[in-house]
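Colleague: attaching a predicted model along with its sequence, questions to come.
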Amino acid sequence: MRQTWLVKTKGRTVALRPDVSRERLTVGWEVVEAASAEGLGFDPAAFSKRGRSTCLVCGASVDGNYVKAEGRAGRIGIRPLAAVVPTASGRGRYYLAAGDYSEPSDEECEAVLQGLVVEPPEEPVPNDTRDFRTQLYGLTRFRDLFTPRQLATLCAFAQSVRETYEEMRTEGMEEKRAEAVAACLGLTLNRVIDRNTTLSVWTENGQKIQSTHARQALPMVWDFAEANPFGGSLADARDYAANIGDIVESLATTGRVVDLQRTSATQLPHHDAVFDAVITDPPYYDNISYADLSDFFYVWLKRSIGFLFPEHLDGELTPKRREAIMAPYRHSGDKAAARAFYEQEMAAAFAEAHRVLKPGAPLVCVYAHKTTLGWASLVEALRQARFLITEAWPMDTEHTKALKARTASLASSIFLVARRRDTDEVGQYADVRGELDEVIAERLDRLTAAGVAGSDLVIAAIGAGLRPFTRYAYVELPNGEELPTVAFLEEVQQKVLNAVLSRVHGLSDGVTAIDAATRYYVFARFSYGYADVDFDEANNLARTAGLELDDLKRSIPPLAGIGKGKVHLADYSERGSVPELGLVPDGDGQPRVIDVLHGLLWRAAHEPAALRGYLDEARPDPHKLRLVAQALQGKGLRAEGENKPAEAQACERLLGAWRTLVDDNLLSGS
């Protein structure tokens with residue numbers, strides 16, 4: 001068990017404390033409440049860490065391998081801990097420890113299942129994807145992801161969808177209408193299921209149950225929560241049904257006729273040049289195993305409405321053989337083969353889009369991946385399909401909470417706009433490079449003015465730089481070899497970063513020069529990263545910025561440390577907690593930008609409630625602050641397996657929420 005928190009809010013904490021009897025070899029639980037976490041008298045989060053536990057009775061250490069072995073042997077069970085029950089008024093909650101309330105036995109749940117036609121899902125959980133972990137613990141079938149009570153309830157729901165369809169037909173409802181209503185009920189059931197598994201986590205801050213797919217994976221979960229689908233709260237089936245009804249009603253008022261087809265993107269059933277636009281949100285390289293994730297819902301749709309749609313729901317699981325993702329586990333672990341397959345399928349799909357588009361009509365491709373190889377594969381597929389990329393714009397399409405664990409995804413999606421390229425002309429490297437600088441400068445100006453920042457800014461500028469590259473069938477280097485897409489992306493990215501760095505110097509767009517210490521810090525990070533640097537090299541760079549390293553050493557807190565011939569630049573995690581950082585003017589009467597940024601980054605990570613007061617007192621120039629953060633966040637695209645330094649990641653997070661964390665707080669304090 002990982003933790004026993006029930007409530008964790010300001011002024012109130014509730015958790016379960018173990019009641020251990022070494023004589024009886026038992027562990028019970030009691031509800032403990034206090035005004036603060038310290039007042040509880042124990043740490044509710046100090047139970048299991050990284051798969052290792054300690055027996056509460058005898059103190060023996062239990063490692064993750066032992067637990068996995070026990071699970072595979074079928075010796076992992078489920079034990080109730082507590083119930084959260086709404087009060088009669090609905091404005092509060094009771095917290096009851098196990099034993100203080102009744103619940104059906106496993107035998108009673110099994111008896112319900114025996115009386116149903118619909119049976120629990122015996123289909124196997126995919127065991128070769130990196131994002132599924134339950135099989136390691138013996139949970140190998142989809143039915144293993146549910147408690148007996150959940151299985152009895154959900155199978156009864158699925159059977160009721162079938163029975164409701166038959167009742168509607170018996171009462172004279174038109175067949176297609178009854179089919180549509182049943183389909184909506186099947187979707188309602190899937191929404192109920194998403195918050196009624198043994199993988200749904202209780203969040204003590206909001207006192208809610210996260211969905212099973214809060215992140216696009218099936219990780220192993222130890223302390224889970226199940227919702228009452230009739231409880232009038234989150235995950236109530238009636239609310240889901242009403243919500244889907246509202247959606248259908250709002251769509252019906254548009255009067256538009258939609259033709260929906262299930263087909264392969266590589267073999268479209270349409271004539272040539274018939275569409276005014278093709279808009280697609282393609283698979284994001286290796287980021288998500290879409291079909292594997294779909295199996296979770298597919299097995300339940302089969303049981304609720306599969307009889308209505310046998311042409312779509314007649315397989316054991318979803319089809320995967322031609323799924324366009326970069327999945328080495330489907331190619332015997334061969335990454336090169338997996339990438340080649342992905343590019344081949346994407347190119348075939350884009351070639352079909354090229355065929356069905358009218359001359360001059362756009363292809364809009366939505367993308368939110370940020371690895372160099374992911375982008376290179378997409379760009380290469382578009383180019384092979386004879387598309388010219390003309391525009392790239394970021395748009396807010398993602399829910400920030402859903403992105404926390406998706407390190408290869410952007411906070412926004414990039415909308416690439418392409419048009420048919422009807423020539424196979426070969427471009428020259430010198431011509432392409434000559435056009436790049438103009439494109440990047442123009443796009444950085446427009447995007448910055450529009451409030452775009454962070455990786456979105458860098459990658460959107462990179463996307464715009466694809467125009468001079470993709471106007472040709474391929475680009476020829478001076479030695480006659482073809483310029484690889486990956487190499488071009490790296491060059492564009494470097495040019496974008498150089499353009500951002502020039503703005504830190506105040507060389508463009510009318511920015512007043514940023515203080516010397518900040519300029520030095522940015523260029524030192526750009527030149528040396530986060531490793532300590534030889535004194536002579538660091539000192540030479542300081543002198544070019546008009547600084548002495550001793551000045552940085554004497555600042556409070558020090559920006560630089562000198563010892564044993566090395567210079568260590570301190571980042572935000574080492575400096576940000578000092579209360580006066582960024583609030584003390586330097587020689588020009590203004591706080592140094594890097595000091596304010598370090599103070600801001602630290603508070604954003606540790607004391608977000610203090611941001612408004614800090615910014616109100618520091619009163620920084622937001623444009624300068626943003627430029628420096630943009631430079632320190634570094635590259636937008638990364639190589640596979642590459643991790644950004646902690647400060648670069650912190651800048652990226654800050655820039656992604658700039659409007660909320662900085663602009664709104666500065667305005668409220670003015």
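Modeller: Good, I have the coordinates.
Colleague: would you map the strands across the stretch 251-400 of the chain?
Modeller: Counting by DSSP state E, counting those that start in this stretch, the stretch 251-400 of the chain has strands at residues 278-280, 362-369, 387-395.
Colleague: show me what the second one packs onto, helices and strands only.
Modeller: Of the remaining helices and strands, those touching strand 362-369 by 3 or more CB pairs under 8 Å, 6 or more residues apart in numbering; DSSP states H and E are strand 278-280, helix 335-356, helix 372-384, strand 409-420. (Glycine included, C-beta is placed from N, CA and C.)
Colleague: extract the CA atoms of that strand and return them as PDB.
Modeller: These are the backbone C-alpha positions of strand 362-369, laid out as PDB (Å, rounded to 0.1, in the frame of the first residue of the first chain):
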ATOM      1  CA  PRO A 362      -4.900  22.400 -47.600                       C
ATOM      2  CA  LEU A 363      -3.900  19.400 -45.500                       C
ATOM      3  CA  VAL A 364      -3.900  20.300 -41.800                       C
ATOM      4  CA  CYS A 365      -1.900  18.000 -39.600                       C
ATOM      5  CA  VAL A 366      -2.200  18.300 -35.800                       C
ATOM      6  CA  TYR A 367       0.900  17.200 -33.900                       C
ATOM      7  CA  ALA A 368       2.000  17.400 -30.300                       C
ATOM      8  CA  HIS A 369       5.200  15.400 -30.100                       C
END
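Colleague: strand partners of it, parallel vs antiparallel please.
Modeller: strand 278-280 (parallel), strand 409-420 (antiparallel) (DSSP bridges).
Colleague: residue 134: which of those strands is closest?
Modeller: Closest approach to residue 134 among the strands paired with strand 362-369 (CB to CB): strand 409-420, 23.3 Å.
Colleague: give me the next element, helix or strand, following that closest one.
Modeller: Heading C-terminal from strand 409-420, the first helix or strand you meet, by DSSP states H and E, is strand 426-428.
Colleague: now whatever helix or strand comes next after that following strand against strand 387-395, angle please.
Modeller: Sequence order places helix 429-449 as the next helix or strand after strand 426-428, per DSSP H and E. For helix 429-449 against strand 387-395, the angle by axes from the mean of the first three to the mean of the last three CA atoms, to 10 degrees is 20 degrees.
Colleague: rewinding a little: worst mean pLDDT among the helices and strands packed on strand 362-369?
Modeller: When those are compared by mean pLDDT, strand 409-420 comes last with a mean of 77.
Colleague: what ranges does the stretch 401-550 of the chain have for its helices?
Modeller: Per DSSP state H, counting those that start in this stretch, the stretch 401-550 of the chain carries helices over the ranges 429-449, 454-464, 467-470, 485-504, 516-528, 535-544, 549-554.
Colleague: buried ones in the fourth one?
Modeller: Just to be clear, that refers to helix 485-504. Within helix 485-504, the residues scored as buried using 16 or more other CB atoms under 10 Å are 485-486, 488-493, 495-497, 499-501, 503-504.
Colleague: so what's residue 122 closest to, chain neighbours aside?
Modeller: Excluding the flanking residues, the one nearest residue 122 by CB to CB, 6 or more residues apart in numbering is residue 141, at 5.5 Å.
Colleague: cool, and residue 658?
Modeller: In this structure, residue 658 finds its nearest non-sequential neighbour in residue 453, 5.5 Å apart by CB to CB, 6+ apart.
Colleague: got the domain boundaries for the chain?
Modeller: Listed domain ranges for the chain are 5-102, 111-256+264-279+293-305, 359-504, 516-669 (source: automatic domain parsing).
Colleague: how about those domains in TSV, adding distance to residue 352?
Modeller: As requested, those are exported to TSV (distance: least, CB to CB, whole Å):
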stretch	distance to residue 352
domain 5-102	45
domain 111-256+264-279+293-305	5
domain 359-504	8
domain 516-669	27
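Colleague: can you say which of those domains is nearest to residue 350?
Modeller: Nearest to residue 350 among the domains of the chain is domain 359-504 (3.5 Å), distances taken as CB to CB.
Colleague: was I right about residue 211 contacting residue 200?
Modeller: Yes - under the criterion of CB atoms under 8 Å, residue 211 makes contact with residue 200 at 6.7 Å.
Colleague: of these two, who's got more company?
Modeller: Neighbours were tallied for residue 211 and for residue 200 using other CB atoms under 10 Å; the higher tally belongs to residue 200 (23 against 19).
Colleague: so who does the more buried one touch?
Modeller: 194, 209-212, 221, 224-227 (CB atoms under 8 Å, 6 or more residues apart in numbering).
Colleague: ok now stretch 43-62, how far from the chain's centre?
Modeller: Stretch 43-62 has its C-alpha centroid displaced from the chain centroid by 30 Å (CA atoms, centre = their mean, to the nearest Å).
Colleague: residues making contact with that stretch?
Modeller: By CB under 8 Å, 6+ apart, stretch 43-62 touches 1-5, 15-18, 20-22, 25-27, 37, 63-64, 67, 222.
Colleague: okay, how far is it across it, tip to tip?
Modeller: Distance between the two ends of stretch 43-62: 19 Å, counting by CA to CA, to the nearest Å.
Colleague: buried set for it?
Modeller: Buried residues in stretch 43-62, counted by 16+ other CB under 10 Å: 44, 47-48, 51, 53.
Colleague: now do stretch 595-607
Modeller: So for stretch 595-607, counting by 16+ other CB under 10 Å, buried means 595-604.
Colleague: give me phi/psi at the residue nearest to residue 119 when sequence neighbours are not counted?
Modeller: Excluding the flanking residues, the one nearest residue 119 by CB to CB, 6+ apart is residue 155, at 6.8 Å. Main-chain dihedrals, residue 155, degrees, to the nearest 10: phi -70, psi -40.
Colleague: how much space separates residue 155 from residue 298?
Modeller: 16 Å (CB to CB, to the nearest Å).
Colleague: what do you get for residue 178?
Modeller: Separation of residue 178 from residue 298 (CB to CB): 22 Å.
Colleague: now do the same contact list for residue 478.
Modeller: 429-430.
Colleague: for residue 433, see how far away it is.
Modeller: Distance, residue 478 to residue 433, using CB to CB: 11 Å.
Colleague: joint contacts of these two?
Modeller: The contact sets of residue 478 and residue 433 do not overlap (CB under 8 Å, 6+ apart).
Colleague: pLDDT weak spots in the stretch 401-550 of the chain?
Modeller: Within the stretch 401-550 of the chain, the stretches with pLDDT under 70 are 401-412, 454-455, 505-512, 545.
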